[in-house]
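Peer 1: Got a predicted structure here, sequence first:
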Amino acid sequence: MRKLFCSLIICLNLFAHALYADVVVLTDHSKIKELSSFRILDAMDLRTEKNYSSAVKYRTINHEGGMTVRVLEILKNDVQNGEPGKWFYVLLISPMWVESGEWIEKYQKFLIFLPDDMPVFDFEE
């Protein structure tokens, strides 16, 4: 029984590694250009107005599906809540749930602040 359990753990580990082997993780945000796409796994504030001081309309949920976006515009460097980062105007390219329980359809545009130390996944130029 012990050998079977160990074999199962090894197989699951190999499967998980193969599943995520092609995931491109980007930590250097200077490589992000207009029309780049990527997935953000952390919770993010979404503004529907292209105005830095506008109210946050939605907050994403930090889960494995994340938020997949395409960059429409790279805006300015800034500091929010003590964290340096950059503002992006993005197009949501896959639907998702948000913190309020609402379902957000794809192809909506949002203003987001991406902290410099937040990795992005599945990056494509």
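Peer 2: Sure, I can see it.

Peer 1: give me the beta-bridge partners of the most centrally placed residue in the chain?
Peer 2: The centre of the chain sits closest to Ile40, judged by CA atoms, centre = their mean, with a distance of 0.8 Å. As for beta bridges, Ile40 partners with Met67 under DSSP bridges.

Peer 1: That one and Gly65: what is the separation?
Peer 2: 11 Å (CB to CB, to the nearest Å). (Glycine included, C-beta is placed from N, CA and C.)

Peer 1: In this structure, what helix or strand scores lowest on average pLDDT?
Peer 2: Ranking every helix and strand in the chain by mean pLDDT, DSSP states H and E puts helix 2-20 at the bottom, with a mean of 42.

Peer 1: ok, back up a step: and the residue nearest to the centre of the chain, how close does it get to Pro119?
Peer 2: In terms of CB to CB, Ile40 sits 9 Å off from Pro119.

Peer 1: Same check on Thr60?
Peer 2: 15 Å.

Peer 1: How about the contacts made by Met96?
Peer 2: The contact partners of Met96, by CB atoms under 8 Å, 6 or more residues apart in numbering, come to 60-61, 65-68, 103-104.

Peer 1: rewinding a little: ok, Thr60 and Pro119, which is more surrounded?
Peer 2: Legend: neighbour count by other CB atoms under 10 Å for Thr60 and Pro119, higher for Thr60 (23 against 14).

Peer 1: neighbouring contacts of the helix or strand containing Tyr89?
Peer 2: For Tyr89, the host element (DSSP states H and E) is strand 83-92. For strand 83-92, the surrounding residues in contact (CB under 8 Å, 6+ apart) are 29, 32, 50, 52, 67-79, 104-118.

Peer 1: Sweet, I'm off.
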